[in-house]
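[1] I would like the atomic coordinates for the input below:
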Amino acid sequence: MSEYTFFLLHKLLVVGVNGLMLVSVFVAMYQASLTPDDFTFTFFKTIGVLFLLTLVVALGGKRLLNRYRPLAS
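    The predicted structure is shown next:
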């Protein structure tokens with residue numbers, strides 16, 4: 001893999017993880033709005049689960065990408 005391709009894939013991973021975090025907040029706010037009495041509990045429960053899933057995807061993607069890191073010149 002060339003250094004340019006690695007750099008591009010790394011930036012795509014960063015943008016993708018940021019997008020997943022934004023979607024997580026939107027989903028958590030929506031889920032919490034369905035139960036206004038337990039808004040805070042539902043929000044934090046949902047955002048916690050989605051954050052952990054996003055963290056697993058991010059770390060897995062970074063680990064996979066580092067496997068194909070180009071050698072330093």
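
[2] Would you map the strands across the chain?
    Using DSSP state E, no strands are assigned anywhere in the chain.

[3] Show me what the longest helix seen in the chain is packed up against.
    Identified as the longest helix of the chain according to DSSP state H is helix 3-34. Here helix 3-34 touches helix 39-67, going by 3 or more C-beta pairs under 8 Å, 6 or more residues apart in numbering; DSSP states H and E. Glycine gets a C-beta too; all of them are placed from N, C-alpha and C.

[4] Identify each buried residue in the helix it packs on, please.
    For helix 39-67, a neighbour-count test (16 or more other C-beta atoms under 10 Å) marks 42, 43, 46, 47, 50, 51, 54, 58, 61 as buried.

[5] which one of those residues sits closest to residue 21?
    Nearest to residue 21 out of those is residue 54 (C-beta to C-beta; 5.9 Å).

[6] circling back: can I get the buried residues of helix 39-67 in CSV with pLDDT?
    As requested, those are exported to CSV (pLDDT from 0 to 100):
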residue, pLDDT
42, 95
43, 96
46, 96
47, 96
50, 96
51, 96
54, 96
58, 96
61, 95
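
[7] Could I get those residues in a markdown table, plus columns for distance to residue 33?
    Shown next, in a markdown table, are the buried residues of helix 39-67 (distance: C-beta to C-beta, whole Å):
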| residue | distance to residue 33 |
| --- | --- |
| 42 | 9 |
| 43 | 9 |
| 46 | 11 |
| 47 | 13 |
| 50 | 15 |
| 51 | 19 |
| 54 | 21 |
| 58 | 27 |
| 61 | 31 |
